[in-house]
Structures are given as C-alpha cells and as structure tokens.
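Engineer: Need the 3D shape of this:
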Amino acid sequence: MRVTTGFLVDQSLARLQARLESFEGAQNRLSSGRQFERASEDVNGMNSSLALRSERRSIDQAVRNAQDGATRVDLADTKLQQSLTALRRVRDLAIRASSTLNPTEAASIAEEMGTLNDQLVSLANSTYLGQGLFNGTAGTDAVAFVAGSWTYTGDTGALNRRISETETVQINVIGDDLFGFTSPEDVFTMVSRVENLARTGDTIGVANGIGDIDAAMDRIQENLAELGATGTRIEQTIERDLAASETIRRQLSQLEDVDLAESVLEIQTQEVALQATMGAVARALQPTLTDYLR
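Structural biologist: Below you'll find the predicted structure:
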C-alpha cells in the first residue's frame, strides 16, 4: 500500500480526534460528577440507573402517601380523644343529675350538656384539607340535623393509602358505626335525650342513660385502638421505606458518581496523552522540500 502525505494526515488527525474526545469525556465526567450522561456511554450502567431510579420514585411516593395517612390518622385520633373527653364530662353531669336537684342546678347541667353535644357534632364534622375525617368519602358533613333528627349524611367509603410496594391501609374511620347510627340510638340523640331528662328532673331516666353514655364511649375507645394500630403500622412502614430509599440512593451514588481523585488523575493522563499525540502529529506532518517541488 502506498503511503501518501494525505494518508498520513488522515491517520494523524483521526488519532488526534480520538484523544480529544477522550480528554473531553474526562472533563465532562469531572464537571458533572457523573460516570455517564447518555446510554451510549454505558448501556448497562444506564439501564441499572433507570431501574433504581424508578424503584426509588415508587418508594418515595409510598412514603408521601404514608405521611399523608399518618397525618389523617393522628388528626382523627385527636378529634376522637376530644370527643371522649366531652362524653366523660356528659357522664359526670349525668351522675350529678341523677340525684335530686333544684330546678336552677338541673337547668345549668342540661345547658352544659347541650353545649357538649354541639361540641360533639363539631368534632364529628372535622375535616382535613377539605375532606371529612369521619364521613367516608362523601363531600358532605358526617352528621346533620335533618327533619327533626340527627342523621349520618356521609357514606361508608373507605379511604386507602398505598404505604409500600405490598401494603395498603385504610386511614379513615366511618362515622356511621362510630357515632352509633347503626345502633338503636346515635350519640347525639342520646345526649339530647339525657339533657332533656336532666332539665325535667327525671333522675331515674338520667341514671338509666349513663349506661348509654358508657356504650358510646366504648365505641370511640374501640376505634381509637384501631387508629392506634394503624398509626403504628404506618410509622413502621415509613421507617422501612426511608431505609430502602437511602439504600437505593447509595447504590445510585456508587453507580453514577465519579471518584474525584480518579477523575483528576484521568484528566491528567488524558492531557499528557493528548499533548504527546499533538507533538507526534506535528512532527509527522512537517513539510519537506518534496512537498514544495510537487
């Protein structure tokens, strides 16, 4: 094969271009802090990176779901604790009203019971981000006074959250059963009845109503226990999810991040190689007298 000046030029420029690309790649890795930016640079690495990032996004979304669920559970727990406190006060008042009282004291007890009942209604209609805590998935209040009687106006829809790859939990309490609308008498009607009995001085009726107050308190305590179990499960799952997310983050760092010392050394090596190539090209392409005679 005849070696011409043009051939030498092409070969030399090709080698120089290859060195320039290697040097540029080393500079890009150092400046970006990443081993690769495009799939063509490392197909297997890019595939692993995409898979890990997809898994981490799924876990992070589950964490956000779980944190939202934990907030709703904690808020519902607080409202039920307040409802329980109000019912305990109603019970204390009922015990006092079951004894013979003068009309003024009886009226005062009845008035406080009425105020406590209003508080219970307000707690039952509590919301979080515009959505009721105890109304299922309905867009209305959980309870309302309709046509002369207390009525559950929500539904029985379950509000679920996916808190991990394999776990989904219900984070709402349905007010239908919680407030006794599936029982012979709901808590609001019951408190109103005991209030009226106290107002009229019916000590026997008030005494009989104490058992109904206890039953209403028991329902709330049962739901508090379920909420506590759900809250604990969510918290434990969040801890596991965060640990899994951190593990994936470390794996991504090992896969994608450059080693600073190695990257600096690579640039220095590529720079020396580039300078050597440029020197060789310069010497190989020096003009000769023959070039001028052609």
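
Engineer: Wait, Glu235 touches Ala70, no?
Structural biologist: Yes: checked against C-beta atoms under 8 Å, the pair Glu235 and Ala70 is within contact range at 6.5 Å. (Each C-beta comes from the backbone N, C-alpha and C, glycine too.)

Engineer: These two: which has the busier surroundings?
Structural biologist: For Glu235 against Ala70, the residue with the higher neighbour count under other C-beta atoms under 10 Å is Ala70, and the figures read 20 against 13.

Engineer: Quickly note the distance from that one to Asp141.
Structural biologist: Distance, Ala70 to Asp141, using C-beta to C-beta, to the nearest Å: 24 Å.

Engineer: do the same with Ile59
Structural biologist: When Ile59 is compared with Asp141 (using C-beta to C-beta), they lie 36 Å apart.

Engineer: what does Leu120 give?
Structural biologist: Separation of Leu120 from Asp141 (C-beta to C-beta): 13 Å.

Engineer: and what of Thr100?
Structural biologist: With distances defined as C-beta to C-beta, the gap from Thr100 to Asp141 amounts to 39 Å.

Engineer: higher neighbour count, these two?
Structural biologist: Shown here are Thr100 and Asp141; by other C-beta under 10 Å, Asp141 has more neighbours (19 against 9).

Engineer: from what I can see that one touches Asn135, true?
Structural biologist: Yes: the pair Asp141 / Asn135 is scored as a contact, 6.5 Å apart, by C-beta under 8 Å.

Engineer: list residues touching both of these two?
Structural biologist: Overlap between the contact sets of Asp141 and Asn135, as judged by C-beta atoms under 8 Å, 6 or more residues apart in numbering, is given by Asn125, Thr153, Gly154.

Engineer: Report whether Gly139 is found in a strand, as I expect.
Structural biologist: No: when DSSP: H, G, I helix; E, B strand; the rest coil is applied, Gly139 is found to be coil, with no strand at that position.

Engineer: all helices of this structure, in order?
Structural biologist: Counting by DSSP state H, the chain has these helices, from start to end: 5-32, 43-97, 103-124, 175-178, 187-199, 203-256, 260-284, 289-293.

Engineer: Pick the most buried one from those.
Structural biologist: When you average the neighbours per residue for each of these (mean count of other C-beta atoms under 10 Å), helix 187-199 leads with a mean of 23.

Engineer: now the angle from that one to helix 203-256?
Structural biologist: Taking axes from the mean of the first three to the mean of the last three C-alpha atoms, to 10 degrees, one finds helix 187-199 and helix 203-256 inclined to each other by 150 degrees.

Engineer: list the helices and strands helix 187-199 packs on?
Structural biologist: Of the remaining helices and strands, those touching helix 187-199 by 3 or more C-beta pairs under 8 Å, 6 or more residues apart in numbering; DSSP states H and E are helix 43-97, helix 103-124, strand 149-152, helix 203-256.

Engineer: same thing but 6 Å
Structural biologist: Secondary-structure packing of helix 187-199 (3 or more C-beta pairs under 6 Å, 6 or more residues apart in numbering; DSSP states H and E): helix 43-97, helix 103-124, helix 203-256.

Engineer: Gly148: which of the ones you listed is closest?
Structural biologist: Counting by C-beta to C-beta, Gly148 lies closest to helix 103-124 out of the helices and strands packed on helix 187-199; the figure is 15.3 Å.

Engineer: now that closest one, how far from the chain's geometric center?
Structural biologist: Here helix 103-124 shows a centroid-to-chain-centroid distance of 39 Å under the convention C-alpha atoms, centre = their mean, to the nearest Å.
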